[in-house]
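>>> Show me how the following folds:
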Amino acid sequence: MTYAVIVRWVARPGEEADVERCLRALIEPSRDEPGNLAYQPHRDPEDPRVFHIYEHYVDERSALAHLETPHVRALGFGDAIPRLEDRQRVACVPIEPSG
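Below you'll find the model as predicted:
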């Protein structure tokens with residue numbers, strides 16, 4: 001069963017450009033990870049401090065492995081996350097059609 005993660009980040013005032021820089025740098029290496037089906041950051045069109053990241057993996061193990069990669073450790077935990085005033089992470093699994 002596939003596994004999705006939806007993340008919401010709110011940058012501290014003045015940190016928006018650096019958070020976006022980190023997210024841009026995370027796109028390609030995250031998409032290249034084994035088990036990654038999609039990795040797409042988004043920015044709220046009404047509030048430039050708010051970012052959403054949609055991640056889709058073949059399974060939960062792949063999603064957890066993403067958190068341990070060097071690029072997420074350096075750019076995510078080491079650079080972007082300290083620039084946030086709030087962050088939320090929701091994991092979900094698909095609802096398949098019945099029948």
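>>> From now on I want contacts and neighbour counts done on CA atoms only, so please keep to that.
Will do.
>>> for residue 75, what are its contacts?
22-23, 25-26 (CA atoms under 8 Å, 6 or more residues apart in numbering).
>>> go again using 10 Å as the cut-off
Neighbour list for residue 75: 19, 21-26, 81 [criterion: CA atoms under 10 Å, 6 or more residues apart in numbering].
>>> you'd agree it is in a helix?
Yes - Residue 75 sits within a helix when classified using DSSP: H, G, I helix; E, B strand; the rest coil.
>>> roughly how far is the helix or strand hosting residue 40 from the heart of the chain?
In this structure, residue 40 is located in strand 36-43 according to DSSP states H and E. Strand 36-43 sits 7 Å away from the centroid of its parent chain (CA atoms, centre = their mean, to the nearest Å).
>>> could I have it exported to PDB, CA atoms only?
The C-alpha trace of strand 36-43 is given here as PDB (Å, rounded to 0.1, in the frame of the first residue of the first chain):
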ATOM      1  CA  ASN A  36       9.700   7.900  -3.900                       C
ATOM      2  CA  LEU A  37       6.700   8.400  -6.300                       C
ATOM      3  CA  ALA A  38       6.300  12.100  -5.900                       C
ATOM      4  CA  TYR A  39       7.900  15.000  -4.000                       C
ATOM      5  CA  GLN A  40       6.300  18.400  -4.700                       C
ATOM      6  CA  PRO A  41       6.700  21.600  -2.600                       C
ATOM      7  CA  HIS A  42       4.000  24.300  -2.900                       C
ATOM      8  CA  ARG A  43       3.700  27.800  -1.700                       C
END
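>>> What residues does the most centrally placed residue in the chain make contact with?
Closest to where the C-alpha atoms of the chain average out (CA atoms, centre = their mean) is residue 53, at 4.1 Å. Residue 53 sits next to 5-9, 23, 39-43, 89 when contact means CA under 10 Å, 6+ apart.
>>> re the thing from before, tell me the most packed of the contacts of residue 75, by neighbour count.
With neighbours taken as other CA atoms under 10 Å, the top of those is residue 19, carrying 26 neighbours.
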